[in-house]
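> Sequence and predicted model, in that order:
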Amino acid sequence: MSSAEIAARIVKSLELDDYKVLRTLYSALSHHKSLSKDQIVNYSKIHKDIVEYRIHRLHGMKLVFNNNTEISLLTAGFD
């Protein structure tokens, strides 16, 4: 299954804050390969607890990679 097919299946389950976190990661790509949770909080202006929940949720959907210190977009997250 391609990344576009994966993204198409789950796009309906994404919420506004999910999009904000994905957009923050995407916009940072021109300067950073990945961001820390604190950087996402600063750039997105979303509370830290919400960012942590959204990262966990997006990781479960296989849209982001989370190694507990840095978060980066996966190919499906771009789509």
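Perfect, thanks for sending it.

> just the strands in this protein please.
In the chain, the strands defined using DSSP state E lie at 64-66, 71-73.

> what sits up against the first one?
Just to be clear, that refers to strand 64-66. Applying C-beta atoms under 8 Å, 6 or more residues apart in numbering, the external contacts of strand 64-66 come out as 21-22, 25, 34, 55-56, 58-59, 71-74, 77. Where you see a C-beta, it was placed from the backbone N, CA and C, and this is true even at glycine.

> That one: which residues count as buried?
By neighbour count with 16 or more other C-beta atoms under 10 Å, strand 64-66 contains the buried residues 64, 66.

> Can you list the strands that it pairs with?
Take DSSP bridges as the rule and strand 64-66 pairs in its sheet with strand 71-73 (antiparallel).

> Report the rounded mean pLDDT for the partner strand.
The average pLDDT for strand 71-73 rounds to 93.

> now do stretch 49-57
96.

> Tell me the buried residues in it?
Neighbour-count burial for stretch 49-57 flags 51, 54-55, 57 (criterion: 16+ other C-beta under 10 Å).

> would you turn those residues into a markdown table with distance to residue 67?
Output for the buried residues of stretch 49-57, formatted as a markdown table (distance: C-beta to C-beta, whole Å):
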| residue | distance to residue 67 |
| --- | --- |
| 51 | 16 |
| 54 | 16 |
| 55 | 11 |
| 57 | 17 |
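
> from the contacts of strand 64-66, which is closest to residue 10?
The nearest member of the contacts of strand 64-66 to residue 10, counting by C-beta to C-beta, is residue 58 at 9.6 Å.

> Surely that closest one and residue 24 touch.
No. At 11.3 Å, residue 58 does not count as touching residue 24 under the criterion of C-beta atoms under 8 Å.

> More neighbours: these two, which one.
Neighbour comparison, residue 58 and residue 24: the larger count goes to residue 58, with 24 against 20 (by other C-beta atoms under 10 Å).

> State the pLDDT value of the closest residue to the more buried one other than its chain neighbours.
Nearest residue to residue 58, sequence neighbours excluded (C-beta to C-beta, 6 or more residues apart in numbering): residue 64, at 4.5 Å. With respect to pLDDT, residue 64 scores 94.
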